[in-house]
Every structure is written in C-alpha cells, then in structure tokens.
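>>> heads up, no residue letters with this:
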C-alpha cells in the first residue's frame, strides 16, 4: 500500500468539489497536505483539512522547503 508523507494539490476552479473530498480523505490518513490556489481563500482551503496553503504565484523553492519540512 502506497502512503506518501506529503500530497501537493492545486485547487482548480472546475474541480474544487473533487479536491475538497480528496482533502478530507487525506487529512484523515495523517498525511501532510499542501494546497496551492489562486481561486479560493486561505480560510476555505484550511477548513478542508489542508496543512498549508501556498497562494499563487509562488516560487518552487518555497514549495520544496515545505515538502522537506513535512
């Protein structure tokens, strides 16, 4: 069974309901969840179970720093 330590999801406009379901499922599995988005607010994303919200645009170095930290 594959169980990653960290999952990085881009919160897209069209598939937001799918991402919300996935986020809730992942957060129950004790996996760190990083969301990126330019559509939703930090509050909405963190309510879904995300551990970190990175607003777009962001630097890839910032993403890598958080992945290594988690």
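Here it is on my side, so go on. All values derive from a computational prediction rather than experimental measurement.
>>> I'd say residue 20 and residue 50 touch.
No: taking contacts as C-beta atoms under 8 Å, residue 20 lies outside contact range of residue 50: 10.1 Å. Glycine gets a C-beta too; all of them are placed from N, C-alpha and C.
>>> For those two, work out which one has more neighbours and name it.
Shown here are residue 20 and residue 50; by other C-beta atoms under 10 Å, residue 50 has more neighbours (24 against 17).
>>> Was I right to think that one contacts residue 23?
Yes: contact between residue 50 and residue 23 holds when scored by C-beta under 8 Å: they sit 5.9 Å apart.
>>> anything in contact with each of those two?
Common neighbours of residue 50 and residue 23 (criterion: C-beta atoms under 8 Å, 6 or more residues apart in numbering): 33, 35.
>>> Please pull up the helix or strand immediately following the helix or strand bottoming out on mean pLDDT in the chain.
In the chain, no helix or strand scores lower on mean pLDDT, DSSP states H and E than helix 16-28, which sits at a mean of 73. The helix or strand immediately downstream of helix 16-28 is strand 32-37, counting by DSSP states H and E.
>>> Now residue 32: closest residue in space that isn't a chain neighbour?
The shortest distance from residue 32 to any residue other than its chain neighbours is 3.8 Å, reached at residue 70 (C-beta to C-beta, 6 or more residues apart in numbering).
>>> what does the model give the one you found for pLDDT?
The per-residue pLDDT reported for residue 70 equals 90.
>>> go on, residue 14?
pLDDT, residue 14: 62.
>>> cool, residue 53 as well?
Among the per-residue scores, residue 53 shows a pLDDT of 90.
>>> ok, and what's touching the host helix or strand of it?
Assessed by DSSP H and E, residue 53 sits inside strand 52-55. The contact list for strand 52-55, computed with C-beta under 8 Å, 6+ apart, reads 32-38, 42, 45-46, 62-63, 66, 70.
>>> For PyMOL, write a command that selects the buried ones of those.
In PyMOL, a selection of the buried entries from the contacts of strand 52-55 looks like this (16 or more other C-beta atoms under 10 Å):
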select buried, resi 32+33+34+35+36+37+45+66
